[in-house]
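Colleague: Turn this into a model:
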Amino acid sequence: MIDTAIPKAEALVEALSYIQRFHDKVVVVKVGGSMMDNEEALSTLLADIVFMNYVGMQPVLVHGGGKAINEAMEKAGLVPQWVQGRRYTDDRTIAIAEHVLCNQINKFIVSFIQSQGCEAMGLHSLTSNVLFAEKVYLNGEDGRRIDLGLVGEVKNVNARLLQLLVQADAIPVIATIARDNAGGKLNVNADTAAGAVAAAMKAEKLVVVSDTHGIRSDPKDPESRCPHLTVNGIQEMVKTGAISAGMLPKVEACITALQAGVGKAHIIDGRIPHSLLLEIYTEAGIGTEIVL
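Modeller: You can find the predicted model right below:
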């Protein structure tokens, strides 16, 4: 018994300095990827966020939709339309996305956190909205603008409301359907939304939780994880193609946050049990830490 208890005590002692350092500090956690479709993995991560709240941190949660939106569209008989590799969002698509994100996923997350004894508030287009966006267009040939439908980019965040909630010891849970200036609804990328939230709140950390072990110098080699990178290093890896596709919005969100004054950004794998706590409360970490 003693042999197994001592390592637990040592882990608590190691965590103590981090608990002291991050007391009353805002940490924005973005949750997405395939782990959103794994209720056990998601519940473990949410329990970690509850732990963070109980030891004095101020977590803010931003979530995407995983495969649930695609599955709901399929059931509705909608065939996704793609424009330069990005999904075109029409009225029916955003209605389905809003239902899945707000009425299903957001409600599950809020209910789970509340069941653990913490206050939580869902923030989205059907309740108190904190994300405000402008419609996005792609650049086509000859300077033409290519329409993506109801897709937006976050331009403003109601950081005041978020600050009031965390100061009241409640965990904000943000679904990524934003409003435009006219009150219309726009679908926004969850990674970039999380970066905007972290920047607006001047958070201590932004942690992007997904289904990747962090950033790899060789995307095909699982052993090539980079535990620590600078923004310059990230930009070089983008140029060489080591960072591409789905990793791009994640690193762009991290850079946005860091350039706005956020202390550190992290990209971690949420499929690893307690990866969030391991990244924040241990020396070794488990993903990729990014700094200016």
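
Colleague: and the next element down the chain from the helix or strand that residue 7 is a member of?
Modeller: Using DSSP states H and E, residue 7 falls within helix 2-21. Per DSSP H and E, helix 2-21 leads on to strand 26-31 as the next helix or strand towards the C-terminus.

Colleague: Would you mark the buried spots in the helix or strand just after that next one?
Modeller: Counting by DSSP H and E, the element after strand 26-31 in chain order, helix or strand, is helix 39-54. Residues of helix 39-54 classed as buried: 41, 42, 44, 45, 46, 47, 48, 49, 50, 51, 52, 53 (neighbour count, 16 or more other CB atoms under 10 Å). For every residue, glycine as well, the C-beta is placed using N, CA and C.

Colleague: tell me the least confident of these?
Modeller: Lowest pLDDT within the buried residues of helix 39-54 is found at residue 41 (89).

Colleague: just checking, what packs against the helix holding residue 7?
Modeller: helix 275-281 (3 or more CB pairs under 8 Å, 6 or more residues apart in numbering; DSSP states H and E).

Colleague: Can I get the helix or strand that the helix it packs on is followed by in CSV? Just the C-alpha atoms.
Modeller: Using DSSP H and E, the next helix or strand after helix 275-281 towards the C-terminus is strand 288-291. Taking C-alpha atoms only, strand 288-291 is exported to CSV below (Å, rounded to 0.1, in the frame of the first residue of the first chain):
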residue,chain,number,x,y,z
THR,A,288,3.3,20.6,-27.4
GLU,A,289,3.8,23.8,-25.5
ILE,A,290,4.0,27.0,-27.7
VAL,A,291,5.4,30.3,-26.6
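
Colleague: show me what contacts residue 133?
Modeller: Counting by CB atoms under 8 Å, 6 or more residues apart in numbering, residue 133 makes contact with 152, 153, 154, 155, 178, 179, 180, 186, 188.

Colleague: model confidence over the host helix or strand of the fifth one, on average?
Modeller: Okay, so that is residue 178. Residue 178 belongs to strand 177-179 when assigned by DSSP H and E. Strand 177-179 carries an average pLDDT of 96.

Colleague: Can you tell me what sits against it?
Modeller: Against strand 177-179 from outside (CB under 8 Å, 6+ apart): 94, 97-98, 101-102, 124-125, 129, 131-133, 152, 154, 185-188, 193.

Colleague: Just the ones of those residues in strands?
Modeller: Among the contacts of strand 177-179, the members falling in strands (DSSP state E) are 131, 132, 133, 152, 154, 185, 186, 187, 188.

Colleague: What's the separation between the closest residue to the third one other than its chain neighbours and residue 16?
Modeller: Counting by CB to CB, 6 or more residues apart in numbering, the nearest residue to residue 133 once its immediate chain neighbours are dropped is residue 152, at 3.2 Å. Applying CB to CB, to the nearest Å, one obtains 42 Å for the distance of residue 152 from residue 16.

Colleague: what do you get for residue 292?
Modeller: Going from residue 292 to residue 16 by CB to CB gives 27 Å.
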